[in-house]
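[1] Dropping a prediction and its sequence here:
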Amino acid sequence: MPAKHNKSKCKETDAPKKTHAAKGKGAAYDQVHEFRDAQDRLKEHVPILFAVLSRVNKKNAREWALAFEKGGFTDHWFPVQKEQAMADTCRRLDLKLTQKELDEFYRLQWGYFVRAVADGESITYRDKEIPPYEPFPHPRLPAHGAFGEVDTVNLIADPTKVYARKRLFNFGDDHMKRIFEEVKALKNIKHEHAVPFYGSYKFQDSTYLLFELCDLNLRRFFSEPPTWFIRLPPHQKANKLVNWMLDLALCIAQFHRIGGIHRDLKPENILIKGDTIFVADFGLASQKPSVSSNPASVEGTECYKAPEQGAGFMFGRSADMFALGCIYIELVTFGTNINVEWFGHYRQQYGPQTCHLSNHKCFRHNLKLVSSFINTYLKRDGQMGKLIDLIQFEMLSAGPSFRPSAKEIAQRLMVMGNELSFFKKEGCCKAEKPGARVSDHTEKSLLEKMAKLTLAEEDKVDKHGFAGMLGEDCFEN
């Protein structure tokens, strides 16, 4: 009897425990179900709002987002146009956001609820909207030009995405046509050495273009080459410079192939990111040959303009080849360890001094002096002789018809590269095999005579600042 009584007692004692455990399991199940239901509501109705509130206050973001959802305020209700409207709504929902948190929410919301441009598209933002970008500090920007200014911005929703933003000034209908042409050119040019273009947007009568943010331009590279380049052995420096020449020619050839003319090639419009070079600023780009109705300095930089780009003259794609030749000879000058800035002073001091627009430094008014510089200071008898001949006698020819096309320059550079001991093509874009070129013997004879030009009384030339940044001629051996 005692045994039975004890067994019965144990059963009676265990029963309440099982009931309590079952209740505990049920409560836990309800909590999990409630949590999952809340997560589903966040994802379905307020995912963007939750992302914004997480930036404002990560600890309370979930509670606040669910309170908005319960009150009927989904993502479609945002962005709020006035800060006070957000403050009033928070009070009605009994949400305790500080003034600082409200200000931060109002700033961030535009970056999440307003669509950003992508894939080269164009967007027009309404006046009551704020574009989803905010200024980002950069040591060398903003920079100002004749037709616009460039600064850096990041995407508010993702601060790791940083862009170079170009704002184009609006000077009337003719300038709007120019802006349209630039956007059209940027959308059409697809090449690995054209600076990546992400898209454009209009806001309050201004047009903005978004590009890849690069490290520096070629002008700055000439005066302050980055450490990675300085540390390269001489043959690798030479290889990099010749590769850049080929990359530029291939990019311009592609732009010419689709019917464009850049019209403003210069070191400031050649950008470098890492060790990759890009052609930038198609702001003066045209889809057809043009008649210059303004002084060359108005439409681009006078220093690199071709002779035919004076007021009232017709010019076409060969004008780009002249400018590219000027850039090439500066690259060779730099690689030879001659200061590129000194080369400019050389043209200014010893040339005819007839071009006030370029402070007497332009190439087109100093062609004879440029030939004298090449013959006196650059080594034609070494490996670079054929390349220097191509630049001096053809690309810098005063006659547009004697300049080779960008495609032909790229082809011939590849052939010359095979004869250079240091050259190895980098990247994936390559040129085709060149065809036969028909040359004019009269022009060739004139160019050969120019090759014999040397600077009179060279020993009297002021050599202050002559030495370059490399410490040695990287083309020497």
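    It's in. Worth saying up front: this structure is predicted, and the values here are computed from it rather than measured.
[2] going forward, measure contacts between C-alpha atoms and count neighbours the same way
    OK.
[3] Give the residue spans of the stretch 201-350 of the chain that score low on pLDDT.
    Within the stretch 201-350 of the chain, the ranges that satisfy pLDDT under 70 run 283-300, 311-313.
[4] Tell me where it has strands.
    Along the stretch 201-350 of the chain, counting by DSSP state E, counting those that start in this stretch, strands occupy 206-212, 216-217, 270-273, 276-279, 290-291, 314-315.
[5] Looking at the ones you listed, which is nearest to residue 36?
    Residue 36 lies closest, by C-alpha to C-alpha, to one member of these: strand 206-212, at 40.5 Å.
[6] Which secondary structure elements does that closest one sit against?
    Contact here means 3 or more C-alpha pairs under 8 Å, 6 or more residues apart in numbering; DSSP states H and E; on that basis strand 206-212 packs against strand 158-168, strand 197-203.
[7] Would you mind writing the CA trace of stretch 156-169 as CSV?
    What follows is stretch 156-169, C-alpha atoms only, in CSV (Å, rounded to 0.1, in the frame of the first residue of the first chain):
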residue,chain,number,x,y,z
ILE,A,156,24.4,58.8,-49.3
ALA,A,157,23.0,55.2,-49.1
ASP,A,158,26.5,53.8,-49.6
PRO,A,159,29.4,56.1,-48.7
THR,A,160,31.9,53.7,-50.1
LYS,A,161,30.7,54.7,-53.6
VAL,A,162,32.6,57.8,-54.5
TYR,A,163,32.4,59.7,-57.8
ALA,A,164,33.9,62.6,-59.6
ARG,A,165,31.0,64.9,-60.3
LYS,A,166,31.1,67.5,-63.1
ARG,A,167,28.7,70.3,-63.0
LEU,A,168,28.1,72.0,-66.4
PHE,A,169,27.3,75.6,-66.5
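[8] Domains of this protein: list them as residue ranges, please.
    In terms of domains, the chain is parsed into 21-113, 121-212, 216-460 (source: automatic domain parsing).
[9] count of neighbours near the residue lying closest to residue 215 once chain neighbours are set aside?
    Excluding the flanking residues, the one nearest residue 215 by C-alpha to C-alpha, 6 or more residues apart in numbering is residue 273, at 5.0 Å. Residues near residue 273, counting by other C-alpha atoms under 10 Å, number 14.
[10] isn't residue 273 right up against residue 214?
    Yes: in this structure, residue 273 is within contact of residue 214 by C-alpha atoms under 8 Å, at 4.7 Å.
[11] Tell me how far residue 247 lies from residue 392.
    Note on residue 247: its distance to residue 392, by C-alpha to C-alpha, to the nearest Å, is 19 Å.
[12] What of residue 78?
    62 Å.
[13] Name the residues of stretch 87-95 that are buried.
    87, 90 (16 or more other C-alpha atoms under 10 Å).
[14] related to what we said a few turns ago, just tell me which of the strands of the stretch 201-350 of the chain ends up closest to residue 152.
    Of all these, it is strand 206-212 that lies closest to residue 152, at 9.2 Å by C-alpha to C-alpha.
[15] got the contact list for the closest one?
    162-170, 179, 195-202 (C-alpha atoms under 8 Å, 6 or more residues apart in numbering).
[16] ditto for stretch 154-163
    Counting by C-alpha under 8 Å, 6+ apart, 108, 110-112, 132-136, 152-153, 210-213 sit against stretch 154-163.
[17] residues near the nearest residue to residue 133 once chain neighbours are set aside, how many?
    Among residues not flanking residue 133 along the chain, residue 155 sits closest, at 4.8 Å (C-alpha to C-alpha, 6+ apart). Look at residue 155: counted by other C-alpha under 10 Å, it has 19 neighbours.
[18] got any residues that touch both of residue 273 and residue 214?
    Taking C-alpha under 8 Å, 6+ apart as the criterion, residue 273 and residue 214 do not both touch any residue.
[19] one step back: between residue 78 and residue 392, tell me which one has more neighbours.
    residue 392 (24 against 17).
[20] What helix or strand is the residue lying closest to the more buried one once chain neighbours are set aside located in?
    Nearest residue to residue 392, sequence neighbours excluded (C-alpha to C-alpha, 6+ apart): residue 371, at 6.9 Å. Applying DSSP states H and E as the criterion places residue 371 in helix 367-377.
[21] Could you give the separation of that helix from the chain centroid?
    34 Å (C-alpha atoms, centre = their mean, to the nearest Å).
[22] Mind giving me the packing neighbours of that helix?
    helix 340-350, helix 441-451.
[23] Next, residue 425: phi, psi?
    With angles defined as degrees, to the nearest 10, residue 425 sits at phi -70, psi 130.
[24] For it, give me its contacts.
    Contacts of residue 425 (C-alpha under 8 Å, 6+ apart): residue 243.
[25] The chain should start at 762 in everything you say after this.
    From this message on, residue numbering opens at 762, which makes the last subject residue 1186.
[26] Check the spacing between it and residue 1010 real quick.
    14 Å.
[27] next one: residue 1028
    With C-alpha to C-alpha as the criterion, residue 1028 and residue 1010 are 14 Å apart.
[28] Would you mind telling me which of those two has more residues around it?
    residue 1010 (25 against 22).
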